[in-house]
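based on what follows, work out the 3D shape:
(3 chains)
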Amino acid sequence: MATSPPSTHSVGVSVPRTDGTAKVTGSARYIDDLPGMPGEIFGRTLRSTVPRGVLRGIRLDPSFDWSDVTVVEARDIPVNAILMISEEQPVLAEGKILHAYEPVALIACPDRLKLDRAARAITLDIEPLPAILDIDTALAGKDVIWGEDNVFKRYLITKGRGDAEGRAASEAGIDAALAACDVVVSGRYETHHQEQLYIEPQGFVAFWDDAGVHVTGSLQCPYYVHKVLKRALDLSSERVHVTQAVTGGGFGGKEEYPSIIALHAALLARKSRRPVRMIYDRTEDIEATTKRHPAIVEITTGCDRDGTLRALKARILMDGGAYMTLTPVVLSRGTLHAAGAYRWQDAFIESVAVATNTPPNGAFRGFGAPQTIWAIERHMDRIARAIGKDPVALRAQNLLRSGDTTATGQTLGLSVGGHACLEAALAESGYHEKRAAGPAVNGRVARGIGASVFMHGAGFTGSGERMLKGKVAIDLLPGGRLQIRTASTDIGQGTETVFRQIAADAAGIPVTHVDFAVPSTTVVPDSGPTVASRTVMVVGAIVEGASREIAERVLAEQAAGGGSFTEAGDRLLSREREVSCLKVYEPPSFIQWDDTTYKGDAYPCFAWACDIAEVEVDLDTFEVTVKNFWSATDVGKAIHPVMCKGQIEGGTLQAIGWALCEEVVWKEGLIKNPRMTNYIIPTSLDAPPFHTTLIEEPWPYGPGGGAKGIGELPMDGGAPALAAAIEHATGLIADSLPMTPERLHTLARTA
Amino acid sequence: MKISFKVNGAARELDAPPLQRLLDALRLVLGLTGTKEGCAEGECGACTVLLDGEPVNACLVPVGQCQGREITTVEGLGAAGHLSPLQRCFIDHGGAQCGICTPGVLISAEHLLRRNPDPDDDAIREALAGNLCRCTGYQRIIESVRAAAVLRRADARDVGDPRDVGDARGARDVSHDRQEAP
Amino acid sequence: MNRFTYARAEQVGDAVSAAMQRRAATFIAGGTNLVDLMKENVARPDHLIDINRLPLQQVEETEDGGLRVGALVTNADLAYHPLVEARYPLLSRAILSGASAQLRNMATTGGNLLQRTRCFYFYDTATPCNKREPGSGCPAITGQNRNHAILGASEHCIATHPSDMCVALAALEAVVRVTGKGGERRVPFAELHRLPGDMPERDTTLEPGDLITAVELPPGRFAEHCTYLKVRDRASYAFALVSVAAAVELAGGTIKEARVALGGVAHKPWRDRTAEALLRGKAASTEAFQEVAEALLQDAQGYRHNGFKMALAKRAIVRALGEAVSGRQAS
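I've put the predicted structure just below:
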């Protein structure tokens, strides 16, 4: 047929990643690889060394030569506020210090060595105050550092007999439901901080010209930076230009924090009237930037003697750190995932996030869900123990299916792959045989196997996407090419490649005929942030729609005037000069969410997975070696199977690190191990062989024939699967992380 | 102090403080920014280069110690259009995600394959234990190296076929020339 | 980094006399530890003497059947040296259990002996540290001390020595050749490193200007029965929570001699000959190993976060001796 586009398919095929050549030849330019600009100087941040105090002043050593050093203090900032959810966090501390490493002043100088000396020639006059360093002290509220009671946010989700007017009545309802159950089980579960530890530290280059301020940096969300700069520098939108450099990993760590560095660099550039380069070293990056929220989760459940789950009561506490940043949203996602992947008739889930005098915690892959999924999955194992049932059988019995409702009352419809994942992972791993054989003990080494099952909401919570109205533009270029303009960034996960695949198939052209514009707020529309497992599923769907619209116009031209797709496109372009489509996201219309009652469709859909870990535990030293790791994941549709597996394996290893060896060591509000030699992440020798199975239960509203978001999901299940495997091998029951040798040793001693 | 050495086969001479890090000499003086800095303390391996054929951390090597020696960086492994089997396989098999560890990983892998043309997974893991990757979980890296070993053995018989994988425009250049300061 | 001058030495004698002329002179070889310490402003030498050109690169057999290892032999070359692999597998294993391939390619034998502790507080110039600034105090004693000493510590310092190689050298009773003010001398390995006492700033008994030129290994007697067991938080490039170098010489079914050196537990590689002697003439048994372990740890003292190391060390000793006797070396 003359009117049909050339038949090509790149979705579902692992095409070469489009930024691959640049990355394997060393020509990809990350922020610190950009050549120095004329007159460029180097910036640096001076920070508090105490967790709480009163800032009395900033003293510059009068004997030091300050002639070529720019110093920025709070008074140099048009609006001293970082605009995220709230605006209480200052750009530079003014009067009060609320956490160690809080920025107090900025300096810049052409000579890096002199910059070090200048930093030492400045004294921050801070009078220390007693600090609040843990959740319990913050909740007690005797000393208040935020609002009236140190509470950033509370949520309550109720269902069934938990539904009642007011918290007290709801609690009475759930308590009554629990009292009526055959078996009631309670547990308390804890998780710790985690550093994202992307291998490229954060950094920015900033300069000003007639068009306003320009910042280029390592970042996930160009429009977050845009919003913060616009507000603090008191500029109009068109005078702020934010560009992403090639970014060496983010994992949430470059979601909100880059706004601060960009702003700091911009302030120094503004005052010095020179371009400013500001690159964090590893220690500063670990100390100052956000981390995963520590959490305490208390769960009480009731079930029948045969294991049928009935009622869930959960209380979640999270430590938000000194400022709000994204804590309410992290707490929300954690709360929404606290019921796990299971059916409950009755539920009461309450959560609180509090302020402490520690550096603000923020986004990290999973965004609150790994904390609560750790808790509910460990609790499932506890229930299994209590009723003498196999933990996997208990999960299968209660795992949500299509037609079931979640704790928020969401009725699951399409693309519910939990059971398929469970069955695939069990079969691949030989779980039942290994489990039945009992722990294999060889000398002083015991081998065990354990599982977790979980789901993770894809896209923004509730009505988030409806309010956000993410946008993508696609332009027709000469030669039958398309260009995608989006603010969704490639931070390693493969956005550039996958979007090209989606656009290419939608237009019926080869993937090599699609370009991806550098994400710069000057040229790309606001697609929303690169977070929340939303990029492929949500923004990818906009890409698909916009590409299809452009293709339809070319095809209409082809039908009218003949010639090839390219010829028709070129004709159209020469006639109309510009052929573009700016498309806005439209969520599926049936999604209903009530933000006040926290009821309804929390997410458009969920990705599902089953993780199975096989470990060896040394019974003398309690070192844990992960021998094998199986994941079966329902991704809807794998646009690029190799990169999709890469996401799952990489996320899982982050979970393994969190579970076994990563630990931020605190002393009086300061981090004692801010180096890669002592904050340790897994090496190639620690990583197990991964056996990853992709299950495709298409989500009809996802692009490419049904893709769902899976970026965060693989962070959720690793820790509980490992704990279950350690329990199988040794009988040791770990309810808090990390499971380091001495913690297992302590468990063994007290068992 | 005058230092002359070979970098990627070409003789180079520079005048540098003897304790200047080789990493800075490569990046700032010679403009070879393919070698990355991740931790500056010899832990992450992003700055791995070959010094007389052996992998070292360029962040801990004083350039004064490189007098008369030979250095290989990622730029020396192959450029666009002439990718080495290792580079090709890292693209095809998912060995590179964010890419910041990739130059160092490629150097360590290159060293391994020169000594051991047919390494098993344990040997690959051992060879890469000094290169931290936070993205991949290492599985795709190991598969990339394994595939490259096969390709190298085949290429040893049939040199050529520099299949240009990827898009030349992938060499994204957020250069400053289009954002010149006034 | 502070300001310093730099010179290359071509002769051992020149290096030593140059070092004696400046109070804060330091030799630099591989630089893997020193460059990092200088960057962090923990080490502040005013003069660096580059010794890489000194003729100390050889591994050679000695007349008595032992091995002499030049101070500039890299850790990688030493670990993979055929004679070391054959006669001193304990040493190979200890070296390969530490650092990464990249670091082992640069780090030297002499430098490994002189590496500094990885105590958090020693590295953090914002905090006091008696090792870094004598008299300023030791925050580790009441602070985060999970990685710190349980043996031989003092009220001034509870840091541990970080080397794996040195633990093996202690067990093998190596001898360190030193050239200094009074010419050349031989220092038994046990006398090289010192306990912190009231001078924690001094890691070793070396005097200003002293240059380590070689490490000598006595003839290897333990190749068949030795093991290096390292307990750590991850599989590569992590410092030991506890490590054990165990070497046993068997005669018939009984133990003729046993050596046990511990790493990660003290300011120096830890040995106790009295405890080792308990095994002499005995048949190998778990009970006998437990007795040694108890004896080795009898004076151990735990702090808030590292008490677990006492039990861990005991179990590791029993395990390592068992593996050494059975000839199953820990990997």
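
burial of the closest residue to A:Pro110 other than its chain neighbours, as a residue count?
Nearest non-adjacent residue to A:Pro110, counting by CB to CB, 6 or more residues apart in numbering or on different chains: A:Ile41, 4.8 Å away. Any C-beta I mention is one placed from the backbone N, CA and C, and that applies to glycine too. A:Ile41 is flanked by 24 other residues according to other CB atoms under 10 Å in any protein chain shown.

where does the residue in the stretch 151-300 of chain A that chain B sits nearest to land in three-state SS?
Residue nearest to chain B within the stretch 151-300 of chain A: A:Gly248 (3.1 Å; CB to the nearest CB). Under the three-state scheme (DSSP: H, G, I helix; E, B strand; the rest coil), A:Gly248 adopts coil.

so it touches B:Gln97, yeah?
No - using CB atoms under 8 Å, A:Gly248 is not in contact with B:Gln97; the gap is 9.6 Å.

who touches both of the two?
A:Gly492 (CB atoms under 8 Å, 6 or more residues apart in numbering or on different chains).

A:Val518 reaches A:Gln244, doesn't it?
Yes - the pair A:Val518 / A:Gln244 is scored as a contact, 7.0 Å apart, by CB under 8 Å.

low-confidence ranges, the chain, go.
Just so you know, I chose chain A. A:1-8 (pLDDT under 70).

can you look at chain B instead?
For chain B, the stretches with pLDDT under 70 are B:158-182.

phi, psi of the residue nearest to A:Pro110?
Geometry field for A:Ile41 lists phi and psi as phi -120, psi 170, criterion degrees, to the nearest 10.

what is the neighbour count of A:Val511?
A:Val511 has 21 neighbouring residues, counting by other CB under 10 Å.

what does C:Thr254 give?
C:Thr254 - counted by other CB under 10 Å - has 12 other residues nearby.

from A:Gln501, how far out is A:Val11?
Separation of A:Val11 from A:Gln501 (CB to CB, to the nearest Å): 5 Å.

the more surrounded of the two?
Neighbours were counted for A:Val11 and for A:Gln501 using other CB under 10 Å; A:Gln501 has more, 27 against 22.

in PDB, list the C-alpha atoms belonging to the helix or strand harbouring the more buried one.
Following DSSP states H and E, one finds A:Gln501 within helix A:495-507. Taking C-alpha atoms only, helix A:495-507 is exported to PDB below (Å, rounded to 0.1, in the frame of the first residue of the first chain):
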ATOM      1  CA  THR A 495      15.500   7.100  28.100                       C
ATOM      2  CA  GLU A 496      17.100   8.400  24.800                       C
ATOM      3  CA  THR A 497      17.100   4.900  23.200                       C
ATOM      4  CA  VAL A 498      13.700   3.700  24.400                       C
ATOM      5  CA  PHE A 499      11.900   7.000  23.400                       C
ATOM      6  CA  ARG A 500      13.500   6.700  20.000                       C
ATOM      7  CA  GLN A 501      12.200   3.100  19.700                       C
ATOM      8  CA  ILE A 502       8.700   4.200  20.700                       C
ATOM      9  CA  ALA A 503       8.600   7.200  18.400                       C
ATOM     10  CA  ALA A 504      10.100   5.200  15.500                       C
ATOM     11  CA  ASP A 505       7.500   2.400  15.700                       C
ATOM     12  CA  ALA A 506       4.700   4.900  16.200                       C
ATOM     13  CA  ALA A 507       5.700   6.700  13.000                       C
END
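
show me what it is packed up against.
The helices and strands touching helix A:495-507, judged by 3 or more CB pairs under 8 Å, 6 or more residues apart in numbering or on different chains; DSSP states H and E, are strand A:481-485, strand A:514-516, helix A:540-561, helix A:703-706.
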